[in-house]
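Trainee: I'll drop the sequence and a predicted model, then ask my questions.
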Amino acid sequence: MPKVLVLVPFPMTPQERSNREAQRHLVKLSPDTELEFRSVKAAPRTYVSHHDYIIADIGIFEAGLQAQKEGYDCICIDTMSDSGMNALRSVLDIPVIGPGRASMLTALMLGDKFSVVAMWPHWAGLYKKTLYELNLQEKCVSVRWPEGLVPDNRNLLGGKEDIVLPKLYQTAMRCIEEDGAEVICLGSTTMHQAHAYLQERLPVPIINPGPLSYKMAETVVALKLAQSRKAYPSPMVPKEDMLHIMLDAAAKAEAGKPLEKLG
């Protein structure tokens with residue numbers, strides 16, 4: 001029975017996390033595959049700067065450190081930023097799947113050029129980072145977003161579908177008609193609620209990053225594959241206890257604070 005840990009990149013209530021967990025119903029997995037969702041202890045408010053990126057890396061890294069000892073067969077990271085992926089690959093022998101990298105590489109199995117449809121311009125740096133790591137700058141013909149939207153990483157699209165979905169469709173069509181995209185990647189796992197709407201209307205494949213990562217996890221576990229230790233060498237002196245202490249302190253310091261507004 002494959003047991004997969006999905007790392008949610010923000011501290012959340014069970015109700016908020018249920019919006020993320022709904023992704024499990026958007027892909028057909030083996031009845032034996034078990035998905036468990038775990039929130040990080042502390043995180044940036046959102047991912048728009050290098051300040052945010054490093055905090056996200058640390059939070060997700062710490063949340064997954066014990067996964068192998070806890071009996072999980074694979075980790076999926078629930079953010080297109082792939083935060084913490086490289087660090088976790090360096091300390092774990094179980095595979096670690098990042099949906100950003102997985103989406104872009106899968107797009108090139110389905111077409112020669114792709115675009116990313118995001119929710120707002122501040123996420124562009126996340127895609128740029130992965131594109132440079134993979135040397136795929138020429139394969140991604142555009143990153144586009146609708147004007148005037150602000151993402152909600154807790155409630156997602158709830159109650160805003162009538163406004164958001166048509167705007168995302170129009171943006172995706174511009175990627176196809178003006179930029180020449182042959183495949184569309186959704187720019188966030190928080191956009192999974194838009195996938196069915198867009199899939200019914202777009203003339204090209206559209207990749208839903210979260211569900212894709214679950215299916216990939218199931219596949220690599222079945223094939224007994226994991227990251228190369230040559231690519232991800234183990235640390236000579238692990239500092240896991242230090243990381244747990246840091247994140248416990250961060251969680252305590254953030255407890256009870258109101259959620260800052262965006263936009």
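Mentor: Done, it's in. Worth saying up front: this structure is predicted, and the values here are computed from it rather than measured.
Trainee: dump the residue contacts of residue 195.
Mentor: 26, 186, 206, 208, 211 (C-beta atoms under 8 Å, 6 or more residues apart in numbering). All C-beta atoms are positioned from the backbone trio N, CA, C, and that covers glycine.
Trainee: where in the chain is pLDDT low?
Mentor: Low-confidence segments of the chain, defined by pLDDT under 70, are located at 156, 263.
Trainee: domains of it?
Mentor: 3-98+212-254, 100-208 (automatic domain parsing).
Trainee: check which residues of stretch 176-187 are buried.
Mentor: 176, 181-187 (16 or more other C-beta atoms under 10 Å).
Trainee: got a markdown table for those residues, with distance to residue 123 and secondary structure too?
Mentor: Below are the buried residues of stretch 176-187 laid out as a markdown table (distance: C-beta to C-beta, whole Å; DSSP: H, G, I helix; E, B strand; the rest coil):
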| residue | distance to residue 123 | secondary structure |
| --- | --- | --- |
| 176 | 20 | helix |
| 181 | 17 | coil |
| 182 | 22 | coil |
| 183 | 19 | strand |
| 184 | 15 | strand |
| 185 | 12 | strand |
| 186 | 11 | strand |
| 187 | 6 | coil |
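Trainee: hang on, the earlier thing: which of the contacts of residue 195 fall in strands?
Mentor: 186, 206 (DSSP state E).
Trainee: among the contacts of residue 195, find me the one that's closest to residue 35.
Mentor: residue 211 (10.5 Å; C-beta to C-beta).
Trainee: what's near enough to touch residue 134?
Mentor: Contacts of residue 134 by C-beta under 8 Å, 6+ apart are 101, 104-105.
Trainee: check the residues you listed for burial and list the buried ones.
Mentor: With neighbours counted by 16+ other C-beta under 10 Å, those contain buried members at 101, 104.
Trainee: with adjacent residues omitted, what lies nearest to the residue nearest the centre of the chain?
Mentor: Central residue of the chain (C-alpha atoms, centre = their mean): residue 79, 1.9 Å from the mean position. Among residues not flanking residue 79 along the chain, residue 9 sits closest, at 4.4 Å (C-beta to C-beta, 6 or more residues apart in numbering).
Trainee: follow-up on the earlier one: got CSV for the domains of the chain, with distance to residue 262 too?
Mentor: Output for those, formatted as CSV (distance: least, C-beta to C-beta, whole Å):
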stretch, distance to residue 262
domain 3-98+212-254, 6
domain 100-208, 5
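Trainee: helices of the stretch 1-150 of the chain, residue ranges please.
Mentor: In the stretch 1-150 of the chain, the helices defined using DSSP state H, counting those that start in this stretch lie at 14-21, 50-64, 85-91, 99-110, 124-134.
Trainee: may I have the third one as CSV, with CA atoms only?
Mentor: This means helix 85-91. Output of helix 85-91 as CSV, limited to C-alpha atoms (Å, rounded to 0.1, in the frame of the first residue of the first chain):
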residue,chain,number,x,y,z
MET,A,85,12.1,19.7,-2.5
ASN,A,86,15.9,19.8,-3.0
ALA,A,87,16.6,19.8,0.7
LEU,A,88,14.3,16.9,1.4
ARG,A,89,15.8,14.9,-1.5
SER,A,90,19.2,15.3,0.1
VAL,A,91,18.2,13.7,3.4
